[in-house]
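Peer 1: What follows is a protein structure lacking sequence information:
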């Protein structure tokens, strides 16, 4: 095939199309036979290296999926793959151009030459184009991993479980700062992925911290000043006093929330993830929407804006706009109903993500991820957690909310919360974590005189005395069950 001018016309035409066809199958194969053998050898070696990586990855995905996920969630690994794919795509384009040159001899008919060039262009679009797109996407993914996830060491399991605090923040227009409205602790079995979630009311009061913790040092008497000191107010209190925290603490608000929920639950929390509901709309649209089984009619609008439509009961497919409104709507709802709705939206986002849609919309998700997610989960842990997330889909997710009628967030026994957590996880009753059992069945006396206990902008200003507030709360009806299933469920 190296001397086409000596071939009859029919064989010259076949040779020309064969060179293009060989390049379709393996870049460099045409050059090995009829052109620059060095270029051909380099192309074939790179091609077989790529095939070996694909086959190895496919085998490991079946045998040891967590290894593949761990590799795919490291920024350096994504950059390495991006370089390989980029070089392969460029080389494939070069070999197509060279194959067209080798095929288009002087004695080849003009119509055949045009056909060869046309097929070479199609070949570059079909092969080099997707490889270039994949390389660019992988590079984008590596930048997202570096910007969102830490490069620190994995903290590993705590008594065989991963405990992650999920915070749903709302920094929408007219709101001061980012105050977590959704406070949910996910406890994940490190072997099976079976998950139990515990929801804590944002207006939980009377919080004492574990001895030796950062917050115990800052608040030795606890977060105990009545309805001015609510659980979600801790985030802004700590954020506004960053100078009081150790220098290596990147998000004092998240640390304060973690230590508060640790004291309440009796569990050691390894990580947190704060999701900004204001940017959540973009992410929901990127994954194709969410399905939620709505049990109670919910308005779109209300408060300072007019109600212009309603989300009706039944299975609903939400785009980003309606998912955000369903999570945030306040009109005619209690805090506990709103808490249940936000929990459903977050669970749906976790449970219903389609890997194919994630791949196709990766750029949009990457852009949204930088705006939506703030976390201390390191890249070293992402592979394991991603594998557990996939395993968890084969198990029902159990959910418990520490709201009325299970407890009254303003007057409760912390040991009830801890024992409920322990029973739900099938573990022994946790040992007392501190003297935090002081939050008893009666409201704790206000300690407003201590500067450590005074709330920042995240607290709620009381217009009545502690006594009258407690009395009003005690007379309020318990609006929802402890799992929120009367408000919504996730199909």
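Peer 2: The structure has been received and is ready for your questions. Computed from a predicted structure; not experimentally measured. Numbers count the residues shown, from 1 in each chain.
Peer 1: Setting aside sequence neighbours, what's the nearest residue to residue 255?
Peer 2: Closest residue in space to residue 255, ignoring its immediate chain neighbours: residue 249 at 5.4 Å, by Cβ to Cβ, 6 or more residues apart in numbering. Any C-beta I mention is one placed from the backbone N, CA and C, and that applies to glycine too.
Peer 1: Over to the one you found. Which of the three states is it?
Peer 2: coil (DSSP: H, G, I helix; E, B strand; the rest coil).
Peer 1: Return the residues in contact with it.
Peer 2: 214, 242, 255 (Cβ atoms under 8 Å, 6 or more residues apart in numbering).
Peer 1: which among those residues gets closest to residue 27?
Peer 2: The nearest member of the contacts of residue 249 to residue 27, counting by Cβ to Cβ, is residue 255 at 52.2 Å.
Peer 1: and that closest one, that's in a helix?
Peer 2: Yes. Counting by three-state DSSP, residue 255 is found in a helix.
Peer 1: measure it to residue 262 for me?
Peer 2: 10 Å (Cβ to Cβ, to the nearest Å).
Peer 1: Could I get the full set of strands for this protein?
Peer 2: 161-170, 179-189, 195-200, 271-276, 290-294, 298-302, 305-311, 314-318, 373-375, 398-402, 488-489 (DSSP state E).
Peer 1: helices or strands next to the fourth one in the packing?
Peer 2: Put plainly, it is strand 271-276. Secondary-structure packing of strand 271-276 (3 or more Cβ pairs under 8 Å, 6 or more residues apart in numbering; DSSP states H and E): strand 161-170, helix 252-265, helix 362-372, strand 373-375.
Peer 1: how many neighbours does residue 292 have?
Peer 2: Residue 292 has 26 neighbours, counted by other Cβ atoms under 10 Å.
Peer 1: With the one 3 residues further on instead?
Peer 2: Using other Cβ under 10 Å, the number of residues around residue 295 comes to 17.
Peer 1: what's the spacing between it and residue 352?
Peer 2: Counting by Cβ to Cβ, the gap from residue 295 to residue 352 is 18 Å.
Peer 1: neighbours around the closest residue to residue 193 other than its chain neighbours, how many?
Peer 2: Leaving aside its sequence neighbours, residue 193 sits nearest to residue 391 (Cβ to Cβ, 6+ apart; 3.1 Å). A count of neighbours around residue 391, defined by other Cβ under 10 Å, yields 18.
Peer 1: And residue 391, what's its pLDDT?
Peer 2: Looking at residue 391, its pLDDT is 87.
Peer 1: For it, give its distance to residue 290.
Peer 2: From residue 391 across to residue 290, the span is 21 Å (Cβ to Cβ).
Peer 1: same check, this time on residue 64
Peer 2: From residue 64 to residue 290 the distance is 31 Å (Cβ to Cβ).
Peer 1: neighbour count winner among those two?
Peer 2: residue 290 (25 against 12).
Peer 1: For the more buried one, list each beta-bridge partner.
Peer 2: residue 318 (DSSP bridges).
Peer 1: List the single closest residue to the residue positioned nearest the centre of the chain in space, sequence neighbours excluded.
Peer 2: By Cα atoms, centre = their mean, the chain has its centre lying nearest to residue 373, at 6.9 Å. Nearest residue to residue 373, sequence neighbours excluded (Cβ to Cβ, 6+ apart): residue 148, at 5.6 Å.
Peer 1: coming back round to it: would you turn the strands of the chain into a markdown table with mean pLDDT and distance to residue 208?
Peer 2: Formatted as a markdown table, the strands of the chain follow (pLDDT from 0 to 100; distance: least, Cβ to Cβ, whole Å):
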| stretch | mean pLDDT | distance to residue 208 |
| --- | --- | --- |
| strand 161-170 | 88 | 18 |
| strand 179-189 | 89 | 17 |
| strand 195-200 | 92 | 15 |
| strand 271-276 | 89 | 20 |
| strand 290-294 | 94 | 36 |
| strand 298-302 | 89 | 36 |
| strand 305-311 | 88 | 39 |
| strand 314-318 | 95 | 39 |
| strand 373-375 | 87 | 26 |
| strand 398-402 | 88 | 16 |
| strand 488-489 | 89 | 33 |
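Peer 1: Could you say which one of the ones you listed comes nearest to residue 384?
Peer 2: The nearest among these, by Cβ to Cβ, is strand 161-170 at 8.0 Å.
Peer 1: what packs against the closest one?
Peer 2: Packed next to strand 161-170, using 3+ Cβ pairs under 8 Å, 6+ apart, are strand 179-189, helix 252-265, strand 271-276, helix 335-351.
Peer 1: winner for burial among the ones you listed?
Peer 2: helix 252-265 (a mean of 25; mean count of other Cβ atoms under 10 Å).
Peer 1: low-scoring stretches of the stretch 101-250 of the chain, by residue?
Peer 2: 105-106, 170-178 (pLDDT under 70).
Peer 1: returning to what we had before: burial measure for the residue nearest to residue 373, as a count.
Peer 2: Neighbour tally, residue 148, other Cβ under 10 Å: 17.
Peer 1: my read: it touches residue 375, true?
Peer 2: Yes. Between residue 148 and residue 375 there is a contact under Cβ atoms under 8 Å: 6.8 Å.
Peer 1: The nearest residue to residue 192 once chain neighbours are set aside and residue 384, how far apart?
Peer 2: Leaving out its chain neighbours, the residue that sits closest to residue 192 by Cβ to Cβ, 6+ apart is residue 391, at 6.2 Å. Relative to residue 384, residue 391 is positioned 11 Å away (Cβ to Cβ).
Peer 1: any idea what sits nearest residue 329, other than its immediate chain neighbours?
Peer 2: residue 298 (5.2 Å).
Peer 1: and the one you found, what are its bridge partners?
Peer 2: Beta bridges link residue 298 to residue 311, judged by DSSP bridges.
Peer 1: Surely it and residue 333 touch.
Peer 2: Yes. Under the criterion of Cβ under 8 Å, residue 298 makes contact with residue 333 at 7.3 Å.
Peer 1: Check the contact lists of these two and give me the overlap.
Peer 2: What both residue 298 and residue 333 touch, as defined by Cβ under 8 Å, 6+ apart, is the set residue 341.
Peer 1: These two: which is more packed in?
Peer 2: residue 298 (25 against 19).
Peer 1: and that one, how far is that from residue 230?
Peer 2: Counting by Cβ to Cβ, the gap from residue 298 to residue 230 is 24 Å.
Peer 1: Cool, thanks, talk later.
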